[in-house]
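> Need a 3D model of the following:
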Amino acid sequence: MGAPGNYVVNYYPTFPGSFTTLNNIQEITFRGGRRSQLDAYNASSGTIVARYPSGYASPITALVPGTLLEILTPNISAYPYGIYGRINNVSVTYGYPYASSIGPADYIEITFEGAFAEAARMAGNGYSMAAAPLSTQINTMNSQTGLTASSSTPQQMAATTINGTWGDWVNSSLVSINGRMADFGGGASFLVRSPYVSSVCTVNFSDTTNNATNQVYDTLRFDALADNYYTQVQVDPESYAIQTVTKAGATTPYRTLTVNTLNSSTSQATDLANFLLSQYGTQKFAISQISCSAEAQNNFKLDTLGLSGTQELIGARVNVTFRGTTVTCIIEGVSLTATPEGARWTFDVSGADLNNYLVLNDAVFGKLNSNKLGY
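Coordinates of the predicted model:
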């Protein structure tokens, strides 16, 4: 499952429009999502290295900042389900020898970034965002900026003024709903997702079973993160008073988590504070990362885990079997490294117990007295 034979890189001189395949790929790296649940989101990013033997005499003029790239992985052969981003930098290393307009040791290195990078560079210019459900506000952002974000998130959000960048506003909105964002989908759009809705992977992880519904891993990391344990939570909504909740029995000095939000009322902010304290008020030692060799799989499914596309992995629910015990995790981030020697997929995850909303008729999130009502 190494890059030259199994991963295809296409670029679009204009989008929408026809694409051209970039040949002689030597290395692909990519990272999307986030590492842990309380991290702010950055744009996804990646690098492509290719041999460029004809580039000195006949440079590819479309390989410039802003050009859309797609990486089609072994289970994905068509738009819009692969990995997408726009070029943000191109460099060429010229080698020796060079004869008859051919430089066999010449290489081109292309770095690219997801759609969220564009939002992070767009100033809000003091735009007055009206109070509305977040899905409506996202549509408003699109009309103001030309971005192509999407969301079906119904949570009500407060009115605000966009004094920073649109990316700052998106991150504040995500904190307000404890939501997720993926920005490497088709056409380099990005998706803002409610925490209450998660895709369920039909392919899971196992330390022993290696078949069409289980991908075998070779590295499993557990962490007890200091940043995932707090005895007090303060939610500071922009338009309302700060709301503070403290764990029963906790003593000073408190371990305090403070989040700035765009909640639409003090009651919504209080509910969020209580929810966060319920999630992070107990120290946990849990799975944080799963790493898999592509070549080790009897039936390669790492690029989608049975979902429709790679972007769908962010926020998806997946089971992990480790030494006879199966636990449910939520995928927070995904990374890929592919070279001629092989490919490796790594997944950053959080435990289902840090995402335990009460969802009726759900085997994982529908447990009374275990899961928590939303906010």
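> Could I get the phi/psi values of Ala62?
For Ala62, the backbone dihedrals are phi -80, psi -10 (criterion: degrees, to the nearest 10).
> again with Leu174
When read as degrees, to the nearest 10, the backbone of Leu174 gives phi -60, psi -40.
> all numbers from here: first residue = 535
Fine by me, first position is 535 from now on; the one you just mentioned is Leu708.
> mind checking the SS state of the nearest residue to it once chain neighbours are set aside?
The shortest distance from Leu708 to any residue that is not its chain neighbour, by CB to CB, 6 or more residues apart in numbering, is 5.9 Å, and that residue is Met715. For the C-beta atoms, the positions are set from N, CA and C on the backbone; glycine is no exception. In the three-state summary, Met715 is assigned as strand, counting by DSSP: H, G, I helix; E, B strand; the rest coil.
> got a list of contacts for stretch 547-557?
Taking contacts as CB atoms under 8 Å, 6 or more residues apart in numbering, the residues outside stretch 547-557 that touch it are 542-546, 582, 584, 594, 596-597, 601-602, 604, 721.
> Dump the residues you listed into a markdown table; add neighbour count as well.
Conversion of the contacts of stretch 547-557 to a markdown table gives the following (neighbours: other CB atoms under 10 Å):
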| residue | neighbour count |
| --- | --- |
| Val542 | 20 |
| Val543 | 23 |
| Asn544 | 17 |
| Tyr545 | 22 |
| Tyr546 | 20 |
| Ile582 | 27 |
| Ala584 | 23 |
| Ile594 | 17 |
| Ala596 | 16 |
| Leu597 | 21 |
| Thr601 | 21 |
| Leu602 | 23 |
| Glu604 | 25 |
| Gly721 | 14 |
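> any idea which of those is least confident?
Minimum pLDDT across these is recorded for Gly721, with 79.
> quick one: that residue and Tyr615 touch, right?
No: using CB atoms under 8 Å, Gly721 makes no contact with Tyr615, being 11.4 Å away.
> out of the contacts of stretch 547-557, who's nearest Trp700?
Gly721 (17.9 Å; CB to CB).
> Give me the distance between the residue nearest to Leu708 and Met691.
To Met691, Met715 is 15 Å away according to CB to CB, to the nearest Å.
> Out of those two, name the residue with the larger neighbour count.
More crowded of Met715 and Met691, by other CB atoms under 10 Å: Met715, with 28 against 25.
> show me what contacts that one?
Met715 makes contacts with 575, 650, 704, 708, 724-727, 848, as judged by CB under 8 Å, 6+ apart.
> mind listing the helices for the protein?
Counting by DSSP state H, residue ranges of the helices within the chain are 537-540, 650-654, 668-679, 700-711, 800-814.
> Compare the ones you listed and report which one is nearest to Ser732.
Proximity to Ser732, assessed across these by CB to CB, is greatest for helix 700-711 (13.7 Å).
> just the angle between the closest one and helix 668-679, please?
For helix 700-711 against helix 668-679, the angle by axes from the mean of the first three to the mean of the last three CA atoms, to 10 degrees is 180 degrees.
> and Thr563, what does it touch?
When contacts are taken as CB under 8 Å, 6+ apart, Thr563 is in contact with 580-581, 869-872.
> How about it, nearest residue that isn't a chain neighbour?
Thr581 is the one closest to Thr563 (CB to CB, 6+ apart), at 4.8 Å.
> Looking at the one you found now. What's its pLDDT?
The predicted structure scores Thr581 at 98 on the pLDDT scale.
> I'd guessed it sits against Thr645; true?
Yes: taking CB under 8 Å as the contact criterion, Thr581 and Thr645 are neighbours in contact, 5.1 Å apart.
> quick one: low-confidence ranges for the stretch 735-884 of the chain?
Judged by pLDDT under 70, the stretch 735-884 of the chain has its weakly predicted residues at 758-760.
> tell me the strands in it, going along the chain?
For the stretch 735-884 of the chain, applying DSSP state E, counting those that start in this stretch gives strands covering 738-740, 748-750, 753-757, 766-771, 777-780, 790-795, 820-827, 851-856, 859-873, 876-885.
> Give the other helices and strands that the fourth one contacts.
Translated: strand 766-771. With contacts defined as 3 or more CB pairs under 8 Å, 6 or more residues apart in numbering; DSSP states H and E, the packing partners of strand 766-771 are strand 777-780, strand 790-795, helix 800-814.
> Burial-wise, tell me which of the ones you listed comes out on top.
For the helices and strands packed on strand 766-771, the largest average neighbour count (mean count of other CB atoms under 10 Å) is found in helix 800-814, namely a mean of 21.
> ok, residues contacting that one?
690, 710, 712, 762-764, 766-771, 774-775, 777-781, 791, 793, 795, 797, 887-890, 906-909.
> repeat that with 7 Å
With CB atoms under 7 Å, 6 or more residues apart in numbering as the contact definition, helix 800-814 has outside contacts at 762-764, 767, 769, 771, 774-775, 777, 779, 781, 791, 795, 797, 888, 906, 909.
> Going by neighbour count, which of those are buried?
Buried residues within those, defined by neighbour count using 16 or more other CB atoms under 10 Å: 762, 764, 767, 769, 771, 774, 777, 779, 781, 791, 795, 797, 888, 909.
> CSV for those residues, including distance to Glu829?
As requested, the buried ones among the contacts of helix 800-814 are exported to CSV (distance: CB to CB, whole Å):
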residue, distance to Glu829
Asn762, 33
Tyr764, 41
Val767, 44
Val769, 46
Pro771, 49
Tyr774, 54
Gln777, 51
Val779, 49
Lys781, 47
Leu791, 41
Thr795, 45
Asn797, 47
Leu888, 32
Tyr909, 44
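> Which of the residues you listed sits closest to Ala654?
Distance to Ala654 across these (CB to CB) is lowest for Thr795, with 19.1 Å.
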